[in-house]
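# below: sequence and its predicted model.
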Amino acid sequence: MKIKSMVLVFALLFTLGAGTAAAAIRKSTIRIDGMHCKNCSGSVAKVLKATAGVINVDVSHERKEAVVEYDDEKVTEAKLREVINATGFKAVE
């Protein structure tokens, strides 16, 4: 009986832990003014990828946007916009 209870507790903790981690992942599309070439989008992508909590980045100078997948418990969209603005480009609200 004790072993069954322990297995049930571990299974419950594992399920709750997995659900919590998945719930924190967000995806935002941020419009960016000022990018004109591949080097521009590369610069923005580089700083976003170096930001704690960022999981995946796709920056396009053609579409003038960044699609960022991130852990919202580690970084906010507002912080991502600050990071973009610090590169000299403008994250549009």
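Perfect, I can see it now.

# correct me, but Ala66 touches Asn85?
No - in this structure, Ala66 is not within contact of Asn85 by C-beta atoms under 8 Å, at 12.0 Å. For the C-beta atoms, the positions are set from N, CA and C on the backbone; glycine is no exception.

# higher neighbour count, the two?
Using other C-beta atoms under 10 Å as the criterion, Ala66 and Asn85 rank with Ala66 on top: 25 against 12.

# so that one, which of the three states?
At Ala66, secondary structure determined by DSSP: H, G, I helix; E, B strand; the rest coil is strand.

# who touches it in this structure?
Under the criterion of C-beta atoms under 8 Å, 6 or more residues apart in numbering, the neighbours of Ala66 are Thr29, Ile30, Ile32, Val44, Ala45, Leu48, Val57, Asp58, Val59, Ser60, Leu80, Ile84.

# ok, now with 10 Å
The neighbours of Ala66, taking C-beta atoms under 10 Å, 6 or more residues apart in numbering as the test, are 28-32, 35, 41, 44-45, 48, 57-60, 80-81, 83-84, 89, 91.

# tell me the centre residue of this protein?
Nearest to the geometric centre of the chain sits Tyr70, at 1.6 Å (C-alpha atoms, centre = their mean).

# before we move on, which element is that one in?
Under the criterion of DSSP states H and E, Tyr70 resides in strand 65-71.

# and that strand, what's buried?
Neighbour counts using 16 or more other C-beta atoms under 10 Å place Glu65, Ala66, Val68, Tyr70 of strand 65-71 among the buried residues.
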